[in-house]
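Student: Test case, fold it:
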Amino acid sequence: MPIFNKEISNAEKQQIKIIPKSSVVYANGTTKYNTVFLRINGYCKECYAYTRKQELSYCITIKQNPIGLDINFTEAFVSRKKDHSHQAISRIQNENDNQKQISADSADQIVQPSTSTKQPQLVQYQIRGKEERENIAKEIILNHNGSAKHYRLALIGRKIENVASEDVYSKIVSEYNNRNNISNNWLDNLLSNSTTMSCTVLSNKFNGYVQQIVVYPVFSLICFMQKQFECLKMTAYEDRILHIDATGGLVNVADRYQHYKKYSRFLTYFCYLKNAKTIDQTNGAVLLSEMTTSIQDVSQLTSFFFKTKFEYEKNNKDKFRFRMIVTDMCWALVHSIIDVLNRETVIEYSKSVFEMASGNMTLNQINSKSWLTSCAATQ
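Tutor: Purely as a prediction, here's the structure:
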């Protein structure tokens, strides 16, 4: 095809590039007297870019197989149907060659066609109207196969005065295609999803799953819902076992949000309710509440347990108390649990443990507290 394109361009005195649509070669010949050796049907690329139709067509034929013949050239017959409709192509090409490099961030600069021999001047042209931008995007998508370049060529071919750069039209199409997408900002997405859940996860006590979000100066996300609390209320005190554990790596801030990198490493704390009667069953645990936070001190953990305890007792008329709480030896975790659930200091709790072990506490005194034990896996 490069040889055909070159010779046809020279003959028609303009740049032509033919796109083959169908090609047939009869290498061994046929019995028909009028069958040619090679036939190529194609269309002009630039005309198609301008009209989006394959109206102008070429037919290239070579009658005789030149292979093995002692000849210096091969005759090729070219026929064309209809005239070219891209007279503005060469003018557009010259304009693009002379146009200065425009930054994509500076947007909306164009080169005005000029009849003088001077360099074209850069002028500002902005497409601000929302409806106009949407109409342009629809036109590009529907009639120009989403190509901003083809759309711009069509405008110049129709001698439209105000034509923006290709980057401007590309941005308009991208903006239109992404109009219904969720924001790329993780915090906006979090708030949006939390609001949606408050409208869909409903109960007669309180709605939603995300109950508290704090973003400054530390990050904190506390989650629970009424259905989880109902599982606790249906479990008798003597069967309540609360397992508390934390893990990292579940939540991370992407590198592109550098302004949030001030947050420390995220940890997610889980509170699992287990029933002593089904403790040996693999599916005998219920997630009671959870918190993701960028700080793991007594103040933060105390606020988590206080928020959970307050909402449970307020909406369920029951004490947020457990027969046993299984956790690791994290000082902040132990301190906050004793403070919120038993309302005593670590020293006071240590004395209570001693009194219970010595047999100096009544059953009512024992049942009025939540008792801690260490997880064997963390020893």
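
Student: now the strands: where do they sit in this protein?
Tutor: 18-25, 38-44, 57-62, 77-81, 109-111, 122-124, 210-214, 220-223, 240-248, 267-275, 285-293, 324-327, 372-374 (DSSP state E).

Student: Redo these as JSON lines? Include mean pLDDT, distance to residue 7 and mean neighbour count.
Tutor: (Glycine included, C-beta is placed from N, CA and C.) Conversion of these to JSON lines gives the following (pLDDT from 0 to 100; distance: least, C-beta to C-beta, whole Å; neighbours: other C-beta atoms under 10 Å):
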{"stretch": "strand 18-25", "mean pLDDT": "73", "distance to residue 7": "11", "mean neighbour count": "13"}
{"stretch": "strand 38-44", "mean pLDDT": "79", "distance to residue 7": "13", "mean neighbour count": "19"}
{"stretch": "strand 57-62", "mean pLDDT": "80", "distance to residue 7": "10", "mean neighbour count": "17"}
{"stretch": "strand 77-81", "mean pLDDT": "78", "distance to residue 7": "8", "mean neighbour count": "12"}
{"stretch": "strand 109-111", "mean pLDDT": "42", "distance to residue 7": "33", "mean neighbour count": "20"}
{"stretch": "strand 122-124", "mean pLDDT": "45", "distance to residue 7": "39", "mean neighbour count": "12"}
{"stretch": "strand 210-214", "mean pLDDT": "94", "distance to residue 7": "70", "mean neighbour count": "16"}
{"stretch": "strand 220-223", "mean pLDDT": "95", "distance to residue 7": "70", "mean neighbour count": "19"}
{"stretch": "strand 240-248", "mean pLDDT": "93", "distance to residue 7": "69", "mean neighbour count": "17"}
{"stretch": "strand 267-275", "mean pLDDT": "94", "distance to residue 7": "71", "mean neighbour count": "19"}
{"stretch": "strand 285-293", "mean pLDDT": "94", "distance to residue 7": "70", "mean neighbour count": "20"}
{"stretch": "strand 324-327", "mean pLDDT": "94", "distance to residue 7": "85", "mean neighbour count": "19"}
{"stretch": "strand 372-374", "mean pLDDT": "91", "distance to residue 7": "89", "mean neighbour count": "14"}
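
Student: For the stretch 51-200 of the chain, which residues score under the pLDDT cut-off?
Tutor: Scanning the stretch 51-200 of the chain with the threshold set as pLDDT under 70 gives 51-55, 68, 70, 72, 85-125, 180-184.

Student: Next: the stretch 251-379 of the chain.
Tutor: Ranges of the stretch 251-379 of the chain meeting pLDDT under 70: 254-261, 376-379.

Student: change it to 50
Tutor: Within the stretch 251-379 of the chain, the stretches with pLDDT under 50 are 378-379.

Student: nearest residue to residue 80 other than its sequence neighbours?
Tutor: residue 58 (5.5 Å; C-beta to C-beta, 6 or more residues apart in numbering).

Student: Is that neighbour in contact with residue 41, as I believe?
Tutor: Yes. Counting by C-beta atoms under 8 Å, residue 58 does reach residue 41; the two are 7.3 Å apart.

Student: so how far is stretch 281-299 from its chain's centroid?
Tutor: Taking C-alpha atoms, centre = their mean, to the nearest Å, one finds the center of stretch 281-299 at 28 Å from the center of the full chain.

Student: end-to-end on that stretch?
Tutor: In stretch 281-299, first residue to last residue: 35 Å (C-alpha to C-alpha, to the nearest Å).

Student: What of stretch 227-239?
Tutor: This stretch, stretch 227-239, spans 19 Å end to end (C-alpha to C-alpha).

Student: Give me every residue in contact with that stretch, excluding its own residues.
Tutor: With contacts defined as C-beta atoms under 8 Å, 6 or more residues apart in numbering, stretch 227-239 is touched by 203, 205, 240, 273, 275-277, 286-289, 311-312, 315-316, 318-323, 367.

Student: Recalculate using a threshold of 6 Å.
Tutor: Residues outside stretch 227-239 that contact it (C-beta atoms under 6 Å, 6 or more residues apart in numbering): 273, 275-277, 286, 288, 312, 316, 318, 323.

Student: same check, this time on stretch 170-178
Tutor: The contact list for stretch 170-178 (C-beta under 6 Å, 6+ apart) reads 133, 136-137, 140, 148.
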